[in-house]
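In: Okay, sequence plus prediction incoming.
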Amino acid sequence: MFFHLTKQYLFLIVCYVDIFVQLFIILERAIIMGNQNTPTFPFEESDEVSLFDIFNVFWQQKKFITVTVIIFTAVGFLFALRAPRTYRSQTSLLILPPLSNVQGVIYSPDTYKQLALASDLLNDVIKNVYPQNAETNSTPTVSGLQQSMTITVNAEASQQNKNALKDFPGIFPLNLQVTFKGENPAKLKEIASTWSNLFIARNSKLFESRVVETFNYVNENYEKTEKSLREVENSLTSFKKENPVPLLQAKITTLQELYTNYTKNIAIKKQLVESKKSEKISLQKSLAQEPLKYTIERGMTPEALWQATTTGNLTKNEMKKLSSLVIKDEILNSNHIIIKKHVADLSAEIDSLDSEITFLEKALQNTISELIEKRNHLLDITEKEQVLERRASILKESYLGLAKKLEETKIAKIEVAEPIRIVEAPIEPMTPIAPKRKVIVALSSLLGIFIALFGALMIHTIQYRHNLIEQE
């Protein structure tokens, strides 16, 4: 009702201003016409109206003006007496911020206003305040109840909180003040009280359901993560036992030492073989120059020749032949034998060295193959171990985060028991806030004055035209 009266006041003020402007325009034109013998249109810019002429016209119509003003004032007074009274009842709710981050942050003022004006909430309020079996014309509608409500959030906030309101959502307590206007003060108190209880019950359940859902979700994921973490840690431990990296690294180190020794021995022996071969070639050249046997030629010694002549009967020819006799002796060359024996020894040494080199090269190839295999195996083990460690690290971080969230949800389940509190309970209003009788009477009197002045000018103009027609 107060809302409708406010619109009426605004409409009357606009009308008064418009009538006041039109009144002076008509007043000026009417006085000019009364002071001229014949009317001329349009009026000259030099035409002027004195205040005396205006007062003279009003004085002539003083009875009309007085009666009109009295009638409008009386009508305004009767309207003020008969207009229904409007009362106001208000309640204030304190919305507490969450102690933890599980519930999120406080919503913006518009969100709380929408929650306060929810159609289903107001419909439940109407059903509780106005019984269905006693439904009358006084039962408000949901839209009517919404129009009668005024909602403010943190109306008494400090300047710091006012600046913080621009950056919603915030994390400080909010004061939700709701005002109800109506004609029945007792029903207003009941409506405000019922609305407060239903608003707290509904939104507390909403916060509680969110916390419960959050707790269940966090707890379920916490258990899953804990189970997965244990499985991964067990797998990592078993994998390390089955694939001991230090032992494998020790084997690789041993194989690397063997590889170095084999490579060094092969190089030394190959160098020795080359040296032996060079020596063999040199000896073979010397052997080719040494004969196997020497031939020695010799004659008879004088003692043998003398003995032969004294003991035998030899002729001169025989003695002559005997003295010219030549004896050939063959003697083995010891150098040839020694060199040949040395060459044979060198050949045996070279063959032995070649066999050793072949064996070492084969062992080196086996060592290289085994070393490559062990290294690849170590890389595979290291890669798999790193994957398991990364998974364990990620799961551990998730586990610790979920454990923290779980503790927060436990706290939130405790603190959500009373997130909204009534700080100002509604009372039954005793003094109406509308209608404003003095304002209505004053506006009615002002409207009567304007209408009376306008009517006086119209009467004066009509009378002037009537007299002018009779003179013609």
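Out: That came in fine, so what should we check first?

In: can you give me the helices in the stretch 101-250 of the chain?
Out: Remark: helices assigned in the stretch 101-250 of the chain by DSSP state H, counting those that start in this stretch are 109-116, 119-129, 142-147, 159-165, 185-242, 245-289.

In: Including distance to Glu407, mean neighbour count and mean pLDDT, could those go into JSON lines?
Out: Bear in mind the C-beta positions are built from the backbone N, C-alpha and C, glycine included. Output for those, formatted as JSON lines (distance: least, C-beta to C-beta, whole Å; neighbours: other C-beta atoms under 10 Å; pLDDT from 0 to 100):
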{"stretch": "helix 109-116", "distance to Glu407": "28", "mean neighbour count": "15", "mean pLDDT": "85"}
{"stretch": "helix 119-129", "distance to Glu407": "34", "mean neighbour count": "16", "mean pLDDT": "90"}
{"stretch": "helix 142-147", "distance to Glu407": "42", "mean neighbour count": "14", "mean pLDDT": "90"}
{"stretch": "helix 159-165", "distance to Glu407": "28", "mean neighbour count": "11", "mean pLDDT": "49"}
{"stretch": "helix 185-242", "distance to Glu407": "10", "mean neighbour count": "16", "mean pLDDT": "82"}
{"stretch": "helix 245-289", "distance to Glu407": "38", "mean neighbour count": "14", "mean pLDDT": "89"}
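
In: The ones you listed: which one's closest to Val441?
Out: Among these, helix 185-242 comes nearest to Val441, with 24.3 Å by C-beta to C-beta.

In: What angle do helix 109-116 and that closest one make with each other?
Out: Per axes from the mean of the first three to the mean of the last three C-alpha atoms, to 10 degrees, the angle that helix 185-242 makes with helix 109-116 is 120 degrees.

In: that older thread, the helices of the stretch 101-250 of the chain: which one's closest to Phe64?
Out: Closest of the helices of the stretch 101-250 of the chain to Phe64 is helix 142-147, at 41.9 Å (criterion: C-beta to C-beta).

In: picking up where we left off before, can you list the helices of the stretch 101-250 of the chain in JSON lines and add distance to Arg391?
Out: Output for those, formatted as JSON lines (distance: least, C-beta to C-beta, whole Å):
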{"stretch": "helix 109-116", "distance to Arg391": "41"}
{"stretch": "helix 119-129", "distance to Arg391": "48"}
{"stretch": "helix 142-147", "distance to Arg391": "56"}
{"stretch": "helix 159-165", "distance to Arg391": "43"}
{"stretch": "helix 185-242", "distance to Arg391": "5"}
{"stretch": "helix 245-289", "distance to Arg391": "18"}
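
In: which stretch among those helices comes nearest Ile427?
Out: Among these, helix 185-242 comes nearest to Ile427, with 6.3 Å by C-beta to C-beta.

In: can you give me how far the closest one is from the chain middle?
Out: Computed by C-alpha atoms, centre = their mean, to the nearest Å, the chain-centroid distance of helix 185-242 equals 20 Å.

In: so who does the closest residue to Ser347 other than its chain neighbours touch?
Out: Nearest non-adjacent residue to Ser347, counting by C-beta to C-beta, 6 or more residues apart in numbering: Lys280, 6.6 Å away. Applying C-beta atoms under 8 Å, 6 or more residues apart in numbering, we find Lys280 in contact with Val343, Leu346, Ser347, Ile350.
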